[in-house]
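# sequence? don't have it. structure:
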């Protein structure tokens, strides 16, 4: 099972959950690095940061004010960013110390945005309409795996299952 789900890889955002890993988008401390990296190119306010994180993850990660604003305050307290009012909004800019901190954590920033890019295109799978079919999909998966186990000794067992699944996939694609 682990190999099968890992094989889905390539941005299958639910693989981590299926493997028993946590379903959080950011690991500990990564939101700090993400914010610093987003401020590298231009000053931004909190909403812009939250929107950019959501956009870069294809909508899979929805940053909350409860995670972003306390992190911004902490980064400001550490003098890694500075805030100023621009057009009525508290806008954040990377400081020299912030650039240095980001440079020392370049690999983490790359890993974050690579992960976000892999998730791109899966946001439509989070819509309520899509969530309604997860139960039947899980049942289909379970049935397919169980049947493959029962037919393991038959030469044509896995081929028959694949043919059934291919027909179902083709029918679903025709619904576009």
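Cool, got the structure. On a predicted model such as this, the values are computed, not experimentally measured, just so you know.
# other SSEs contacting the helix or strand harbouring residue 100?
Taking DSSP states H and E as the criterion, residue 100 maps to helix 96-104. Here helix 96-104 touches helix 30-39, going by 3 or more Cβ pairs under 8 Å, 6 or more residues apart in numbering; DSSP states H and E. All C-beta spots, glycine's among them, are computed from the backbone N, C-alpha and C.
# tell me what angle the helix it packs on forms with helix 96-104.
110 degrees (axes from the mean of the first three to the mean of the last three Cα atoms, to 10 degrees).
# list of residues touching helix 30-39?
Residues outside helix 30-39 that contact it (Cβ atoms under 8 Å, 6 or more residues apart in numbering) are 26, 44, 49, 52-53, 63, 67-68, 71-72, 74-75, 80-81, 92-94, 98, 101-102, 105, 108-109, 112-113.
# right, and the helix or strand after it?
strand 44-45.
# list the buried residues for the helix holding residue 100?
98, 101-102 (16 or more other Cβ atoms under 10 Å).
# about what we covered before: now, of the contacts of helix 30-39, which are buried?
Applying 16+ other Cβ under 10 Å to those flags 26, 44, 49, 52-53, 63, 68, 71-72, 75, 80-81, 92, 94, 98, 101-102, 105, 108-109, 112-113 as buried.
# any weak-confidence spans in this structure?
The model of the chain has pLDDT under 70 over residues 1-24, 119-127.
# for it, which segments count as strands?
Ranges of strands in the chain, per DSSP state E, are 44-45, 81-86, 89-94.
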